[in-house]
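>>> the amino acid sequence is not available; the structure is as follows:
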């Protein structure tokens, strides 16, 4: 009988080959465990304080929740009907639509114009970018109080009235004047000062991504500055412009801080202050403590923002290839 002796080391190869596999599996498990440990607190906090809160608020919008956030007395769509029947809420919707229609085009044109000018500067470009971007870091409430108490205070020592006095104008109560509505000057100048620098930086990033050979070819063809902007710069900024418009619309529809800081502390027009949907819902939910109606209003405003975003995407498109 012939006995076959196995080759030396043949039995050890499977074990040695399995060792790197076990090491890789152990490393994957340790990385997965480290990922879970590091991200779990953030995910739990996000889920608890955001998504669970949103879901609870949605349920509250169908409940009669006065001075309580407990679910119980279901009223269906009554909160939504009550809110839409409220004349003050409808006036706030009219106010925010008008504010959006005014501030978005002004901010878009101003930020784009500044971006084109700053991008052409050869020396001191970083200084101008920083100078225009700094207001974006200022609190809306702090800026609103400066506008209200220093620039447009209505007293003769206010900056706006001081400049007006140089041209023979009488002191004007800018915030309280309803006819003509001079308070729009306060709101528009404040929002422009706060936001133009941020969107200017985004436009500059888009401008710097445009190939320079296009401008060189246009220069050889004898194209002027306006024709170059119309034929090259603006079309190549299409995706950047659409993204910035989306941010502008959302920021305008969510306006709260400056309206609350300017108009909620005695500076009212007649018997009612100037309201946006968020300032009105703040009063309903946190002052009147009607959390059901307040939650319904929050979801109505969310629906409005979603509809505006959807219509903008349908009309202007997004992320299309550049021609």
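Arrived safely. Nothing here was measured: the structure is a model prediction, and the numbers come from that model.
>>> can you name the residues that contact residue 196?
107, 110, 111, 114, 132, 135 (CB atoms under 8 Å, 6 or more residues apart in numbering). (Glycine included, C-beta is placed from N, CA and C.)
>>> among those residues, which lie within helices?
Counted as lying in helices by DSSP state H, out of these, are 107, 110, 111, 114, 132.
>>> mind putting the residues you listed into TSV with pLDDT, distance to residue 290 and neighbour count?
Formatted as TSV, those follow (pLDDT from 0 to 100; distance: CB to CB, whole Å; neighbours: other CB atoms under 10 Å):
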residue	pLDDT	distance to residue 290	neighbour count
107	95	34	25
110	94	39	15
111	95	39	24
114	93	44	20
132	90	42	21
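>>> please identify which two of those are farthest apart in space.
The span of the ones in helices among the contacts of residue 196, defined through CB to CB, is set by 107 and 132 at 12.7 Å.
>>> give me the neighbour count for residue 151.
By the criterion of other CB atoms under 10 Å, residue 151 has 19 neighbours.
>>> excluding sequence neighbours, find me the nearest residue to it.
Leaving aside its sequence neighbours, residue 151 sits nearest to residue 159 (CB to CB, 6 or more residues apart in numbering; 4.7 Å).
>>> picking up where we left off before, for the ones in helices among the contacts of residue 196, give me CSV that also has distance to residue 62.
Supplementary listing: the ones in helices among the contacts of residue 196 in CSV, determined by distance: CB to CB, whole Å:
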residue, distance to residue 62
107, 37
110, 43
111, 41
114, 47
132, 46
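>>> closest to residue 47 out of those residues?
residue 107 (34.6 Å).
>>> who's in contact with that closest one?
191, 192, 195, 196, 199, 248.
>>> roughly how far apart are the fifth one and residue 257?
In this structure, residue 199 lies at 18 Å from residue 257, with CB to CB, to the nearest Å as the measure.
>>> more neighbours: those two, which one.
For residue 199 versus residue 257, neighbours defined as other CB under 10 Å are more numerous around residue 199 (25 against 18).
>>> which parts of the stretch 51-200 of the chain are helices?
52-60, 78-85, 87-120, 125-133, 140-146, 159-166, 183-208 (DSSP state H, counting those that start in this stretch).
>>> give the buried residues for the longest one.
If I follow you right, that is helix 87-120. 89, 92-93, 95-96, 99-100, 103-104, 107-108, 111-112, 114-116, 118-119 (16 or more other CB atoms under 10 Å).
>>> same thing with the shortest one?
Buried residues in helix 140-146, counting neighbours by 16+ other CB under 10 Å, are found at 140, 143, 144, 146.
>>> can I get these in JSON lines with pLDDT?
As requested, these are arranged in JSON lines below (pLDDT from 0 to 100):
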{"residue": "140", "pLDDT": "91"}
{"residue": "143", "pLDDT": "92"}
{"residue": "144", "pLDDT": "91"}
{"residue": "146", "pLDDT": "91"}
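>>> possible to save the contacts of residue 107 as CSV with pLDDT and distance to residue 33?
Below are the contacts of residue 107 laid out as CSV (pLDDT from 0 to 100; distance: CB to CB, whole Å):
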residue, pLDDT, distance to residue 33
191, 93, 48
192, 94, 50
195, 93, 44
196, 93, 47
199, 94, 43
248, 93, 43
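>>> one step back: looking at the helices of the stretch 51-200 of the chain, which is closest to residue 302?
Of those, nearest to residue 302 by CB to CB is helix 52-60, at 9.4 Å.
>>> what about the closest one, average pLDDT?
Helix 52-60 comes out with an average pLDDT of 86.
>>> just the angle between it and helix 78-85, please?
Relative orientation of helix 52-60 and helix 78-85, computed by axes from the mean of the first three to the mean of the last three CA atoms, to 10 degrees: 80 degrees.
>>> off-centre distance for helix 52-60?
Its chain's average C-alpha position is 22 Å from that of helix 52-60, according to CA atoms, centre = their mean, to the nearest Å.
>>> just checking, what packs against that helix?
helix 291-316 (3 or more CB pairs under 8 Å, 6 or more residues apart in numbering; DSSP states H and E).
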